[in-house]
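Engineer: Would you be able to build a 3D model of this:
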Amino acid sequence: MVSRAPALAGAASSIASNVTPGKNGSSIVADIKPLISVLVPAFNEEANVRRAYAAIVDAFGDLPGYRYEIIFTDNHSSDRTFQILQEIAREDRCVRVIRFSRNVGYQRSLLVAYKAATGDCSVQIDCDLQDPPHRIPQMVALWRQGHQVVYGIRRSLTDDWFTAIIRRTFYRCINALSEDDLPLNVGEFRLVDRRILDELRQVDDTSPYLRGLISAMGFSQIGFEYDREARVAGESKFPFRAMFSLAVDGILNHSLTPLRIASMTSLIMGTATFLLLIGYVIGKLIFGQEWPAGFATTTILILLSITLNAIFLGIIGEYIGRIFMQSKRRPTPIIEASLNDEFHIHPEHAPSRVGSA
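Structural biologist: As a prediction, the model looks like this:
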């Protein structure tokens, strides 16, 4: 287990750098610079972790009014990633390292990093540097304008044509099925405000889909376009199987449509059965249509049976859907602002009127 002592020492040294001497040898704490947490998930990235660290530190050269902490989450790498991160953490006490006992997956490792962040805001960036760290000052500037979420929109991709088609199909499918409006061509390159970080602390999800969860939280969100760069070293840790798994998590986490297929099927089958029954009656009574013995009756009974089964499956699906959404344990509706609450006393806190004249 990695000690957090370096991180605590780093925080102490950062505060100490903002202390100015006062009269009689006393100390006065000056205005502490805002802290930005940079979250960097890593898995077998020994060729990239030092490059990522250096690029992030360079980006803060354009942010002299801010402090930083860099949180690397190592997804139980089998190469030298963790050893290199240990070296970096010894060199820079503003670097924190979280190593998991096994590979818990990209999204879950991110959720842990969000919960561990102590900054006024956090920026998530991949270790392969395909999302450029030099965009961080631009993201901070948009945050200072009052936006709680700032996300990057991929203007150009370095993927091959097959992967690009898969990505576009995924985004369109999840938007069509989801009850939330998710922005297109948006990955995990984003800045979120402290308020969002506090809400994410309440999330207890074994299969989170963070881009959808954060998008669904609301608040003021803004995107900016950027060109995604090519990976310089190492191999992609997101093969087709991982993308498919992420797509399934995204759809199931933000849509009850798959559960409602039974309800839609029952509606279609019920309508078809009703029309067939009317056609049978009209053909029999008006046109004297003769059907093979037992054919119409058997067909109608089969369709009615399918319809009833689909109806009851649909009802069960609706209840399961509500249980599913409740079990996600997402934050309750978030109140962004409230006015004049101090002038109204909640009934539970109102003085008792028992015995009053």
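Engineer: Low-confidence stretches in the stretch 251-357 of the chain?
Structural biologist: Residue ranges of the stretch 251-357 of the chain with pLDDT under 70: 251-256, 288-289, 291, 293, 296, 318, 321-322, 324-357.
Engineer: For it, which segments are assigned as helices?
Structural biologist: Under the criterion DSSP state H, counting those that start in this stretch, helices of the stretch 251-357 of the chain are mapped to 261-285, 295-327.
Engineer: could I get the ones you listed as a markdown table with distance to Gly218 and mean neighbour count?
Structural biologist: To be clear about C-beta, it is placed using only N, CA and C from the backbone, and glycine gets the same treatment. Shown next, in a markdown table, are the helices of the stretch 251-357 of the chain (distance: least, Cβ to Cβ, whole Å; neighbours: other Cβ atoms under 10 Å):
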| stretch | distance to Gly218 | mean neighbour count |
| --- | --- | --- |
| helix 261-285 | 28 | 14 |
| helix 295-327 | 17 | 14 |
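Engineer: Asp74 pairs with what?
Structural biologist: Ala42, Arg99 (DSSP bridges).
Engineer: Could you work out which of the helices of the stretch 251-357 of the chain reaches nearest to Ala42?
Structural biologist: With Cβ to Cβ as the measure, helix 295-327 is the member of these nearest Ala42 (30.4 Å).
Engineer: what's the closest one packed up against?
Structural biologist: helix 261-285 (3 or more Cβ pairs under 8 Å, 6 or more residues apart in numbering; DSSP states H and E).
Engineer: The helix it packs on vs helix 295-327, what angle?
Structural biologist: Helix 261-285 runs at 160 degrees relative to helix 295-327, counting by axes from the mean of the first three to the mean of the last three Cα atoms, to 10 degrees.
Engineer: of the helices of the stretch 251-357 of the chain, which approaches Gly212 most closely?
Structural biologist: helix 295-327 (13.2 Å).
Engineer: still on that earlier bit, present the helices of the stretch 251-357 of the chain as a markdown table; the columns should include distance to Pro132.
Structural biologist: Compiled in a markdown table, these are given as follows (distance: least, Cβ to Cβ, whole Å):
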| stretch | distance to Pro132 |
| --- | --- |
| helix 261-285 | 42 |
| helix 295-327 | 37 |
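Engineer: Looking at these, which is nearest to Val112?
Structural biologist: Nearest to Val112, of all the helices of the stretch 251-357 of the chain, is helix 295-327, at 19.9 Å by Cβ to Cβ.
Engineer: circling back to that earlier point, out of the helices of the stretch 251-357 of the chain, which comes closest to Leu85?
Structural biologist: Between the helices of the stretch 251-357 of the chain, helix 295-327 lies closest to Leu85; by Cβ to Cβ that is 34.6 Å.
Engineer: residues in contact with stretch 113-126?
Structural biologist: Residues outside stretch 113-126 that contact it (Cβ atoms under 8 Å, 6 or more residues apart in numbering): 11, 34-41, 52, 56, 68-69, 71, 73, 96, 98, 110, 131, 133, 136, 139-140, 143, 188-194, 197, 200-201, 210.
Engineer: looking at the helices of the stretch 251-357 of the chain, which is closest to Leu63?
Structural biologist: helix 295-327 (39.6 Å).
Engineer: who wins for proximity to Asn48 among the helices of the stretch 251-357 of the chain?
Structural biologist: Using Cβ to Cβ, the helices of the stretch 251-357 of the chain put helix 295-327 closest to Asn48, at 36.8 Å.
Engineer: which residues in the chain form strands?
Structural biologist: Counting by DSSP state E, the chain has strands at residues 19-21, 27-29, 35-42, 67-74, 95-99, 121-124, 149-156, 186-193, 221-227.
Engineer: Could you dump those into CSV and include distance to Thr81, mean pLDDT and mean neighbour count?
Structural biologist: Shown next, in CSV, are the strands of the chain (distance: least, Cβ to Cβ, whole Å; pLDDT from 0 to 100; neighbours: other Cβ atoms under 10 Å):
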stretch, distance to Thr81, mean pLDDT, mean neighbour count
strand 19-21, 36, 41, 10
strand 27-29, 37, 40, 10
strand 35-42, 6, 94, 25
strand 67-74, 6, 92, 24
strand 95-99, 9, 89, 22
strand 121-124, 18, 94, 25
strand 149-156, 24, 86, 18
strand 186-193, 19, 88, 22
strand 221-227, 26, 88, 15
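Engineer: With Glu45 as the reference, name the closest of the helices of the stretch 251-357 of the chain.
Structural biologist: The nearest among the helices of the stretch 251-357 of the chain, by Cβ to Cβ, is helix 295-327 at 33.6 Å.
Engineer: gap between the closest residue to Gly317 other than its chain neighbours and Ser266?
Structural biologist: Of all residues not flanking Gly317 in the chain, Leu259 sits nearest, at 4.1 Å (Cβ to Cβ, 6 or more residues apart in numbering). Using Cβ to Cβ, to the nearest Å, we find Leu259 at a distance of 13 Å from Ser266.
Engineer: All set, thanks.
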